[in-house]
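**Student:** Okay, structure incoming, though there's no sequence with it:
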């Protein structure tokens, strides 16, 4: 939420620009720009982004308007689709996960900006390119603000006491993962730990609702078991053994979760952990950041580390964010200039700093900041947050073609399947048949 | 020419013109346009006729939404009517001076903007912090997953809708009760009628028109309800509380498939139309009888 | 419940009246009991909103005593009332509501006057038909309206979507039919002799409207105005679909979409925001309750 502090700063920036204006009146007519950024969950992160933008605007003499749009209630998605329909609105919008790829036809290609950044800072992970590059063109710039990993964030004390595991030893601060221990950190050990914590009265809180947190977690479980609903060519592959295995796994897991996980939204798992009721959630560090403020005793016991390994690999749920420029934008040159500015090392470092380490920069060469080693308490809690080692950065729904995957994501097909199989008591075949018909519907053109 | 302008019927027409313009351009035209939209394909480039409808009819989720919408609307209106009638009688029994303050307090749910009061209910039903569950735990009842379990979620949505709408029924029925002549009751009492018979043979028949109109108005509004479901459950869990309006919003705007969204919305219209025709015909008939 | 208990014809008249008085008292006590129960049911959510609005974030997250405030604070109120965003929402809501009321009343009064007094081709159908527009719910219209306004933007270059003035165009479709209907009811009950007297005195139709109809039907006008204001203030779907930028939002949408976000224990502020957002209709209702109710029941008594 933009606080009054932000508005004061914006007012100062605007008035500073106004003072400079009389001398450069003609240059100021070089444009106005309206940007809509994702409303960051970490308190204070929005301010940093706004500050950088206003600095750029003052330098370039552009009349800048900034909006922060929340992803709660799908507001950001709604904004994207309504602006695409109306062919009017902001010039730049934050687009997370599949949203940029879904709007590829309406976005201005930004190959020039991204290629320059790759040359400077190295290539981004495959998942980021998979989403950001459509039909051979980069249709949006990988953004720092908002890009996140959604691996486990667990209570060290509960894990040690009830599950017999020590995340600080598995993934120690300031050092690479312990090979023996991390190899044993599989989805099966995860299940056993879930059972133990459930018996102890502090269950894991894995959402099974229809919002991104839930869909991402389940996406990683399915991918780790090799279960894909749709393959890269667009064929429906839901009716496979791997799917059945994954569904069975989820059924076992659900028994150890709180009964209303099927209605959880993106804030529910945060609340679960911060209130002290839960032993583990799959979430970026926003929960830890808020706990630091509201319930420090819980925050001291939190540790963020990679997701478990499955038969097909260690898939890490993630949400890459992008900044996209609409084709109908009237000031594309300014937009590209701003995005380039925001992707430079110093800007990225400020953003990551302000987000408390939440944001993961898209380009490989920008992942060496010290912040992840330094934030605490407990010190080193985020050291293993950025992806490394044997982790495969994964987006729920991949490798399906983006038009189908977007719908699988927004309609939460995966979690609905699990809900039907467990809470709904339907048979495996019925659930798979239902999924098949849903997916057929997504093929609609 | 001037005579034409000064003619009564011309002035009358001119005065009614803004109304006609507003309704035609912003209600009738979009409604017709939505019929057109419903016949296009997803990217709105091709005409597919009734293809969207046949697509929808094959989806299990769609029929679930139809069933849910009907159950939601009918049960909510039924409860609102019953509660409204009951409470109206209670208020009517109270001496006239005291009625005003009771009436005042009871109408509050209707006065508050539904989106705001639904937020209060959302917080009351919160999975981790429900104040109701807190009370339950105090007396040994296990906490209820108000919004997590499909059946409880449906109950919650209907409950909030009844909470918002019952006061409206109460106030309408109260006004109607007051207009029933006292002599009819006295005549019935002389004939030896008990309270149930008075209700059935005197009160309800006299109030029939009001009951019908209020029920119709409420059926339309409840059937097309959006705010409560959207804020409380967004149609979840697993689409089990979706009604036409929220499903149309989900498909049309969120999933970027406007023709399909238009189809879902249009489906409401025939159902409402049939209900309206029946009830209005009933009223008209009784109007000519009286 | 009407008077309960059968009248027993065997008893003398006085005993009969006595038993009726007893039954009446019993009915009264039961009425009070049930009324109290329903008042608790109806008023619990707003009272809970108020209690929560006085709590700090820490107290809410502790979750120890939801129905009582142990550490009351006005911080939430202060923060919201000094927050430029919230005040923007409030201002937008006020501006939109007032403009809509103005448009609605002008259109409805003119139309009602015309339909109740003057006959022209189609006036009877229009008078009954205007109510049928409610059969077409806003949930059906918002999608095609979206496309229509996008098209108008292409055509004229004026941006409609994502600006608050689009709401001033849309809300009247929700308020005009009912207000017209109310006004027709009130105008019809004005005796025709008044018209004729005025016309004989040489008054034009406009003077007839302003000097006679409006003053006489003033209660109805106030009732219709209140209705138009309340409906505009509470609207949720149209603003949700048509406005997205923070500075264009009206209160209901603003609170639900901007206050509910990552800061998970913001419920104190959310409840405060919701309460303040519900305040104007509530205040109007408190002061003008009789007009409010009269407007609603216009249909009941005037048929």
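**Tutor:** Looks like it arrived, so ask away. Since the structure is predicted, the reported quantities are computational estimates derived from the model, not experimental observations.
**Student:** Going by C-alpha atoms from here, please, whenever you check contacts or count neighbours.
**Tutor:** Fine.
**Student:** what's near enough to touch the most centrally placed residue in chain C?
**Tutor:** Centroid-nearest residue in chain C: residue C:230, 2.9 Å away (criterion: Cα atoms, centre = their mean). By Cα atoms under 8 Å, 6 or more residues apart in numbering or on different chains, the contact set of residue C:230 is B:111, B:113, C:281.
**Student:** Give the single residue among these positioned nearest to residue B:195.
**Tutor:** Nearest to residue B:195 among those: residue B:111, at 32.3 Å, using Cα to Cα.
**Student:** ok, and the closest non-adjacent residue to residue A:253?
**Tutor:** residue A:191 (6.2 Å; Cα to Cα, 6 or more residues apart in numbering or on different chains).
**Student:** Where does the prediction get shaky in chain C?
**Tutor:** C:1-20, C:260-265, C:295-296, C:298-303 (pLDDT under 70).
**Student:** quick one, phi/psi of residue A:198?
**Tutor:** Per-residue torsions, residue A:198: phi -60, psi -40 (degrees, to the nearest 10).
**Student:** Around the residue nearest to it when sequence neighbours are not counted, how many other residues sit close by?
**Tutor:** Of all residues not flanking residue A:198 in the chain, residue A:256 sits nearest, at 5.5 Å (Cα to Cα, 6+ apart). Per other Cα atoms under 10 Å in any protein chain shown, the neighbour tally for residue A:256 reads 22.
**Student:** Can you tell me the SS state at residue C:70?
**Tutor:** coil (DSSP: H, G, I helix; E, B strand; the rest coil).
**Student:** ok so, going back, wait, the residue nearest to residue A:198 touches residue A:203, no?
**Tutor:** Yes - using Cα atoms under 8 Å, residue A:256 is in contact with residue A:203, at 6.4 Å.
**Student:** Need the overlap of contacts for the two.
**Tutor:** Contact criterion Cα under 8 Å, 6+ apart; residues shared by residue A:256 and residue A:203: A:194-195.
**Student:** ok, residue 103 - contacts?
**Tutor:** You didn't say which chain, so I picked chain A. Neighbouring residues of residue A:103 by Cα under 8 Å, 6+ apart: residue A:84.
**Student:** That was the other one, I meant chain C.
**Tutor:** residue C:172.
**Student:** Quick one: classify residue A:43 as helix, strand or coil.
**Tutor:** For residue A:43, the assignment made with three-state DSSP gives coil.
**Student:** Only the buried subset of the contacts of residue C:230, as a ChimeraX command please.
**Tutor:** Restricted to buried positions by 16 or more other Cα atoms under 10 Å in any protein chain shown, the ChimeraX selection for the contacts of residue C:230 reads:
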select /B:111,113 /C:281
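**Student:** got the contact list for stretch C:205-214?
**Tutor:** Residues from elsewhere that reach stretch C:205-214 (Cα under 8 Å, 6+ apart): C:113, C:187, C:190, C:194-195, C:198-199, C:221.
**Student:** Tell me how many other residues surround the closest residue to residue B:132 other than its chain neighbours.
**Tutor:** The shortest distance from residue B:132 to any non-neighbouring residue, by Cα to Cα, 6+ apart, is to residue B:124 (6.4 Å). Applying other Cα under 10 Å, we find 21 residues neighbouring residue B:124.
**Student:** show me the contacts for residue B:124.
**Tutor:** B:130-132, C:45.
**Student:** Tell me the residues of the stretch 51-200 of chain B that contact chain A?
**Tutor:** B:59, B:127-128, B:145, B:147-149 (Cα under 8 Å from any Cα of the partner chain).
**Student:** any idea which of these is closest to residue A:294?
**Tutor:** Minimum distance to residue A:294 across those is 15.9 Å, recorded for residue B:128 (Cα to Cα).
**Student:** And the helices in the stretch 1-150 of chain B, which stretches?
**Tutor:** For the stretch 1-150 of chain B, applying DSSP state H, counting those that start in this stretch gives helices covering B:2-6, B:8-23, B:29-37, B:51-57, B:60-93, B:96-106, B:108-111, B:114-124, B:131-138, B:150-178.
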